[in-house]
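Participant: Below are the sequence and a predicted model for it; my questions follow.
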Amino acid sequence: MAEQSNRDNFFKLANDFCADLTNTFPELGEISVNDATYEFCKVNYPKHFFNILYKNDEMFVTSPVELLPGVDFSPLWKSNISENTKSVIWQYLQLILFSVVPDTENMESFGDTAKLFEAINEEEFSSKIEETFNGFAQMSYDISGISSENIPNREDVENHLKGIFSGKIGTLAKDIATEVASELDIDAEGITDMKDVFKKLIKNPQKLMELAKKVGDKLDAKIKSGEIKESELLEEASQYMNNLKDMPGAEGLKDLLAKFGLNNMSKAQTGAMQAEMGRRVSKSKQQERMRAELERRNLEKAKKLLEEQQKPVEQPEKPQKTKRNKKK
């Protein structure tokens, strides 16, 4: 039932969007909206999730950027249109995004963008979603024909996303911060204020996505190869969070780090964060002990089997021949 409601909202929004587009860009001609349009948007919009959420103009720099079948938005965006027209387009894109997202089945639907959910803090994410939906309340001034009934349910959208990305939001934040310093050739010891660096990155989700993917791939490879243990990684992250407050310029960094999943610097959340880290470290160590015990048992079995195979085969004793007296 919910999916049908999302589809109904989509068709209403998409039809109005196409009508407004052809009004502004007559050269586009008539744009039809059907089931294929819905499937197209369901596949393509999640991949642009953070670009659309944060209204990132840079997504239109390269072409093509098809957000409707056969419609490249890159040249449209670069044409001589007003800021108000751009604002209306962003609102339509966000509404369509939130209409199709609840029908996505898994995190793979988001492509590489899925890594960004590991790079942004859950509280910051919720706040941004709420801010965006609050902005829809002012839509009536910009978009005619759209009522509150056509606006997707914020809680449904947020809960669905949290369900898909359960346990992953913010997990790469610390390593992304390290990777940022390396990528931008930053002298960490000479930094007193990281605000400008993080402000640039928050405006460039594509760059952040690349960093998140790079860090994630590195960590996965190291854990799988046995180079690092998950428990050690968690302990290191916990220690990092505890020590960060002593770094020069940390006070000015807190708000910006919140956007990267490190808002646990706040006093109210430090205890909860440390407790959660402790639970995860304990669980990870328990799993590692179980794996080590299993490996030990398997090794003992293999050793015992090898010893059995290397034992010399004992030859059965030959029966002694009895002497018979010859008859004279």
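Facilitator: That came in fine, so what should we check first? Numbering: from 1, shown residues only.
Participant: what about Asp51, neighbour count?
Facilitator: Residue 51: Asn, not Asp. 23 (other CB atoms under 10 Å). Every residue, glycine included, has its C-beta placed from N, CA and C.
Participant: so it, which of the three states?
Facilitator: Secondary structure, DSSP: H, G, I helix; E, B strand; the rest coil: Asn51 is helix.
Participant: need the contact list for the closest residue to it other than its chain neighbours.
Facilitator: Leaving aside its sequence neighbours, Asn51 sits nearest to Met59 (CB to CB, 6 or more residues apart in numbering; 4.1 Å). By CB atoms under 8 Å, 6 or more residues apart in numbering, the residues touching Met59 are His48, Asn51, Ile52, Val65, Gln206.
Participant: for Leu161, same thing?
Facilitator: Contact analysis of Leu161 by CB under 8 Å, 6+ apart lists Val101, Phe117.
Participant: Would you mind checking which of the contacts of Met59 is nearest to Ile89?
Facilitator: Relative to Ile89, the closest of those is Ile52; by CB to CB it sits at 10.3 Å.
Participant: got a list of what the closest one touches?
Facilitator: Counted by CB under 8 Å, 6+ apart, Ile52 has contacts Tyr45, Met59, Trp90, Leu93, Gln94, Leu97.
Participant: And the nearest residue to the fourth one once chain neighbours are set aside, how far from Ala137?
Facilitator: Read that as Leu93. The shortest distance from Leu93 to any non-neighbouring residue, by CB to CB, 6+ apart, is to Ile52 (4.9 Å). Remark: distance between Ile52 and Ala137 (CB to CB, to the nearest Å) = 19 Å.
Participant: same question, Lys301
Facilitator: For Lys301, the distance to Ala137 - CB to CB - is 67 Å.
Participant: for Leu67, same thing?
Facilitator: Using CB to CB, Leu67 is found at 24 Å from Ala137.
Participant: With neighbour numbers in mind, choose between these two.
Facilitator: Using other CB under 10 Å as the criterion, Leu67 and Ala137 rank with Leu67 on top: 24 against 9.
Participant: can you confirm the more buried one is in a helix?
Facilitator: No - assigned with three-state DSSP, Leu67 falls outside any helix and is strand.
Participant: What residues does it make contact with?
Facilitator: By CB under 8 Å, 6+ apart, the residues touching Leu67 are Cys41, Asn44, Tyr45, His48, Phe73, Leu93.
Participant: Redo those as JSON lines? Include pLDDT and distance to Glu158.
Facilitator: Listed next are the contacts of Leu67 as JSON lines, based on pLDDT from 0 to 100; distance: CB to CB, whole Å:
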{"residue": "Cys41", "pLDDT": "95", "distance to Glu158": "20"}
{"residue": "Asn44", "pLDDT": "93", "distance to Glu158": "21"}
{"residue": "Tyr45", "pLDDT": "95", "distance to Glu158": "16"}
{"residue": "His48", "pLDDT": "92", "distance to Glu158": "18"}
{"residue": "Phe73", "pLDDT": "96", "distance to Glu158": "26"}
{"residue": "Leu93", "pLDDT": "96", "distance to Glu158": "18"}
